[in-house]
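Q: need a structure here:
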Amino acid sequence: MVAAVRRARDTAWVPIVPALVSWMLLFGYQWAFSLTYRGHQHTVFAYYSGVLGDGVLIPAVNVAGFMVLRYLAAAIQWRRLPLYALLGFVTAATAFLVQAGLGLVNWSMPLPFHWSDVGQFHFLVMWAEVAYLYLVLATAVNNWSRLRGDLTTWGSFWLGLLGLALFAWTLAADYIH
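A: This is a model prediction of the structure:
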């Protein structure tokens, strides 16, 4: 027990790295773009999914995913990474095309099928994000019994899913209102 507490204390800072990287790539760049944006659309600060989702929920999901991958590191099937990258690309492209098809314009897509610099960068970030989440999910599912054997990792997995559900809620709230 003492060894487990000592290990947790000595490595407690490790999840800060994915949190900071996630925050910078998901929200930080949008905040930076908003400082120079001169368009007529609302910026990231007008969207629940931008502020709460990209700024808090998805970085938290990434930390939860990191905790799962950290525990299951030896079982990660890296040879499948190209598949997850392809699935991430298809998912991101589908989301952007559906957004355009539905005419859901915002500052990243001021006109249907016309993406601003923010939108183009957001596509790349979304592609990487979704590919990462496919990696986490596949690793968790392929090692389900081992995942369930560690309470912290098991909890991280479910907190990550809760974070994704809450993010979906912020997206719905943005377009309903």
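Q: what's the helix or strand for the most centrally placed residue in the chain?
A: Geometric centre of the chain, nearest residue: Ile58, 4.2 Å, by Cα atoms, centre = their mean. Taking DSSP states H and E as the definition, Ile58 sits inside helix 58-71.
Q: Give me the residues contacting that helix.
A: With Cβ atoms under 8 Å, 6 or more residues apart in numbering as the test, helix 58-71 has contacts from 14-15, 18-19, 21-23, 26-27, 76, 129, 132-133, 135-136, 139-140, 147, 150, 152-153, 156-157, 159-160, 163-164, 167. In this view, the C-beta of every residue, glycine as well, is placed from N, C-alpha and C.
Q: list the buried ones in that helix?
A: For helix 58-71, the buried set under the neighbour-count rule, 16 or more other Cβ atoms under 10 Å, comprises 58-69, 71.
Q: just stretch 128-135 next, same as before
A: For stretch 128-135, by 16+ other Cβ under 10 Å, it's Glu129, Val130, Ala131, Tyr132, Leu133, Tyr134, Leu135.
Q: Over to stretch 22-32?
A: Buried residues in stretch 22-32 (16+ other Cβ under 10 Å): Ser22, Trp23, Leu25, Leu26, Phe27, Tyr29, Gln30, Trp31.
Q: Any chance of a markdown table for the residues you listed, columns distance to Gly50 and pLDDT?
A: Output for the buried residues of stretch 22-32, formatted as a markdown table (distance: Cβ to Cβ, whole Å; pLDDT from 0 to 100):
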| residue | distance to Gly50 | pLDDT |
| --- | --- | --- |
| Ser22 | 14 | 90 |
| Trp23 | 12 | 90 |
| Leu25 | 13 | 88 |
| Leu26 | 9 | 87 |
| Phe27 | 7 | 89 |
| Tyr29 | 11 | 88 |
| Gln30 | 6 | 89 |
| Trp31 | 9 | 88 |
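Q: so can I have CSV of those residues showing distance to Tyr37?
A: Putting the buried residues of stretch 22-32 into CSV (distance: Cβ to Cβ, whole Å) gives the following:
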residue, distance to Tyr37
Ser22, 22
Trp23, 19
Leu25, 18
Leu26, 17
Phe27, 15
Tyr29, 12
Gln30, 9
Trp31, 11
